[in-house]
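Student: prediction below, plus the sequence it came from.
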Amino acid sequence: MQPTKDYRASHLERGASYDSYLASVPFDTYMADWERRHLVAIVGQLFPSGGPVRYLDFACGTGRVAAAVAPLCQSALGIDISSSMLSVARQKVPRVTFRQADLTTEDPDLGEFDLVTSFRFFGNAQDELREGALRAIVKRMAPAGYLIINSHRNPRSLASLFDRLTGGNAGNMDLHLGKLRAMLERHGLRIRKLRPIGAWMYRSKLLNAYRSDDPRAIANEQRFSRPWLAAISPDLIVVAQRS
Ligand SMILES: C[S@@+](CC[C@H](N)C(=O)[O-])C[C@H]1O[C@@H](n2cnc3c(N)ncnc32)[C@H](O)[C@@H]1O
């Protein structure tokens, strides 16, 4: 089911509370930690002879993802619509340039990027915003450039399916892998890698029960990070390339 509100307004006043909110939810902390580990490894694999020259973090928020990726790049720009999120980002990640803009309604000349990331955005946004964001991102990607996003609200994760079977609504999520793939392909993006996170957590109770450095969690993340588990995973990193 699609959200009724425009996601653009969701974080306008949340800069001061966003990081502490993420830190207060064990599974959010778990996802953030595994996303960072995978991102650093993936960027190294995609650019083996040195990091990407120009990097853009779309909907960068307080700079969580830019802080992990920017050290691997020659230049880094974070874009977000929320000035409160950006003022935290500017303090936390001074090496990154941050700019307030909504690229779905404004068209500043930012040049081309070898790598774009966008995390915790596509799973939350409504379809119109997802489409506008992809249009704006692809327009700024270098030929054969990469887009890395995550999808952390999968209605077909085992935990969501189990939740619905036991009477829950699993948070009104709609972005399953098939829908995401079709959306990316409509914008000329081909999926190159899938890295599931938490695919072994088959019940929502399990989602908040483990720290990311728990030895059982580490062993299970290695065992269950196969691409074919992406369709049932509660969080997923998707690497797509401009064709
Ligand atoms: C959940 S936060 C994610 C922040 C960061 N990417 C992360 O993973 O921690 C979603 C962000 O999307 C931003 N956003 C929503 N609509 C946007 C738009 N049209 N252009 C740029 N940013 C937008 C919000 O302001 C918010 O900072």
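Tutor: Cool, the structure landed.

Student: please make it C-alpha for all contacts and neighbour counts, starting now.
Tutor: Noted.

Student: which residues sit against the longest strand along the chain?
Tutor: Looking across the chain with DSSP state E, the single longest strand is strand 141-151. By Cα atoms under 8 Å, 6 or more residues apart in numbering, the list of residues contacting strand 141-151 from outside reads 112-123, 175, 234-243.

Student: show me what the lowest-mean-pLDDT helix or strand in the chain is packed up against.
Tutor: Using mean pLDDT, DSSP states H and E, the weakest-scoring helix or strand in the chain turns out to be helix 204-207, at a mean of 83. Counting contacts by 3 or more Cα pairs under 8 Å, 6 or more residues apart in numbering; DSSP states H and E, helix 204-207 packs against helix 158-165.

Student: against which helices or strands is the helix it packs on packed?
Tutor: helix 204-207.

Student: what residues does this protein have near the ligand?
Tutor: 7-8, 11-12, 59-61, 64-65, 79-82, 85, 102-104, 118-121 (Cα under 6 Å from any ligand atom).

Student: ok, now with 5 Å
Tutor: 8, 11, 59-61, 64, 80-82, 102, 119-121 (Cα under 5 Å from any ligand atom).

Student: that older thread, sheet partners, orientation included, of the longest strand of the chain?
Tutor: Next to strand 141-151 in the sheet, as set by DSSP bridges, lie strand 113-118 (parallel), strand 235-242 (antiparallel).

Student: list the buried residues in that strand.
Tutor: Buried residues in strand 141-151, counted by 16 or more other Cα atoms under 10 Å: M141, A142, G145, Y146, L147, I148, I149, N150, S151.

Student: which regions of the chain lie under the pLDDT threshold?
Tutor: 1-3 (pLDDT under 70).

Student: longest helix in it, by number of residues?
Tutor: Looking across the chain with DSSP state H, the single longest helix is helix 26-46.

Student: in its sheet, what does the helix or strand just after that one sit against?
Tutor: Sequence order places strand 54-58 as the next helix or strand after helix 26-46, per DSSP states H and E. Strand 54-58 has its sheet partners listed here by DSSP bridges as strand 75-80 (parallel), strand 113-118 (parallel).

Student: show me the contacts for the spatially most central residue of the chain.
Tutor: Centroid-nearest residue in the chain: F119, 2.0 Å away (criterion: Cα atoms, centre = their mean). Taking Cα under 8 Å, 6+ apart as the criterion, F119 is in contact with A59, C60, V65, I149, N150, S151.
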